[in-house]
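Asks: quick one, fold the following:
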Amino acid sequence: MSSRSVQDEEKYKNYRRLYNRCRNEAELLYYKEIFDTRINSIKQLWNNLNSFAFLGKKKDKNNISKLVVDNNVITDTKSMSNAFNTYFCTVGGKLQSNIKGSDNHLFKTYMPAPVKESMFCSPLTRTEIIQIIAKFKNNKSPGPDNIGPRLLKEVASEIIDTLLYLFNLSLSTGTVPNSLKMAKVIPVYKKGVRSLVQNYRPISLLSIFDKILEKTMYSRLYNFLSANDILYSFQSGFRKTILLVLL
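Replies: Now for the predicted structure:
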């Protein structure tokens, strides 16, 4: 355009039209691929839509740079971990101490009469463990051992007999291995000032092998409680939904 000639101006306009057309076609092809249902799952389609249209909140990476504890600023990662650990381990007791109960409403008043029958944990089977592993979602975060559901499913056939022996031994002896009691605790920000520990809530990630043992014990314990009518009649949490039909 520095020549200021009509011919150069016309060449520039033609090139600009060609460039804009190619750019628009390339952009259209790009978005068609991003939102193509044949190569993207429903979850991925929503993630793409949120990222391009800003329909959802951006996920917070939860990076914690400092904490304020007893008016002292802490930036060392080990000290911050200890501060979170102290708070999460003591918050329950502090809340309980603030609850003013009444002697007329002791927890024993809600308990039924003792059950004479004793509970027996039936041995696990290979089929039961395989079914539990198959129901795990692949996107679940791993515990301290960094073994996730996807990896477990790949090697399940090779370790199923070992798991069967260990879990049955745990049920028969009433002992849970200490390694399965370890959890990776992640503080998740809720709201308020980010430098205060009380504005976070803990998420505990246990080993996936512990989750298998928990599910097997849950089914046996729940069946025993239900069969002997031990559960409180108004206890609805963590129970299967029962549909009542009124005639």
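
Asks: in stretch 76-94, what counts as buried?
Replies: Met80, Ala83, Phe84, Tyr87, Phe88 (16 or more other C-beta atoms under 10 Å). Every C-beta, even on glycine, is put in place using the N, C-alpha and C of the backbone.

Asks: closest to Cys22 among the residues you listed?
Replies: Ranked by distance to Cys22 (C-beta to C-beta), those are led by Met80 at 51.9 Å.

Asks: is the closest one within a helix or a strand, and which one?
Replies: Met80 belongs to helix 77-97 when assigned by DSSP states H and E.

Asks: circling back to that earlier point, identify the farthest-apart pair in the buried residues of stretch 76-94.
Replies: Using C-beta to C-beta, the buried residues of stretch 76-94 span at most 12.5 Å, a distance reached by Met80 and Phe88.

Asks: rewinding a little: can I get the buried residues of stretch 76-94 in a markdown table including pLDDT?
Replies: As requested, these are exported to a markdown table (pLDDT from 0 to 100):
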| residue | pLDDT |
| --- | --- |
| Met80 | 93 |
| Ala83 | 93 |
| Phe84 | 93 |
| Tyr87 | 92 |
| Phe88 | 91 |
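
Asks: between these, which is nearest Ser219?
Replies: Nearest to Ser219 among those, with distances taken as C-beta to C-beta, is Phe88, at 29.4 Å.

Asks: contacts for the helix holding Met80?
Replies: Among residues not part of helix 77-97, those counted as contacts by C-beta atoms under 8 Å, 6 or more residues apart in numbering are Ile64, Lys66, Leu67, Val69, Ile74, Val185, Pro187, Val197, Gln198, Tyr200, Pro202.

Asks: the residues you listed in strands, which ones?
Replies: In strands, judged by DSSP state E, the following of the contacts of helix 77-97 are found: Leu67, Val69, Ile74, Val185, Pro187, Tyr200, Pro202.

Asks: sorry, back to before: how about whichever helix or strand comes after the helix holding Met80 as PDB, C-alpha atoms only?
Replies: Under the assignment DSSP H and E, the closest C-terminal helix or strand after helix 77-97 is helix 126-135. The C-alpha trace of helix 126-135 is given here as PDB (Å, rounded to 0.1, in the frame of the first residue of the first chain):
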ATOM      1  CA  ARG A 126     -14.100 -64.300  42.700                       C
ATOM      2  CA  THR A 127     -17.300 -63.200  41.100                       C
ATOM      3  CA  GLU A 128     -18.200 -60.700  43.800                       C
ATOM      4  CA  ILE A 129     -14.800 -59.000  43.600                       C
ATOM      5  CA  ILE A 130     -14.900 -58.900  39.800                       C
ATOM      6  CA  GLN A 131     -18.300 -57.300  39.800                       C
ATOM      7  CA  ILE A 132     -17.200 -54.600  42.300                       C
ATOM      8  CA  ILE A 133     -14.100 -53.800  40.200                       C
ATOM      9  CA  ALA A 134     -16.200 -53.600  37.000                       C
ATOM     10  CA  LYS A 135     -18.500 -51.000  38.600                       C
END
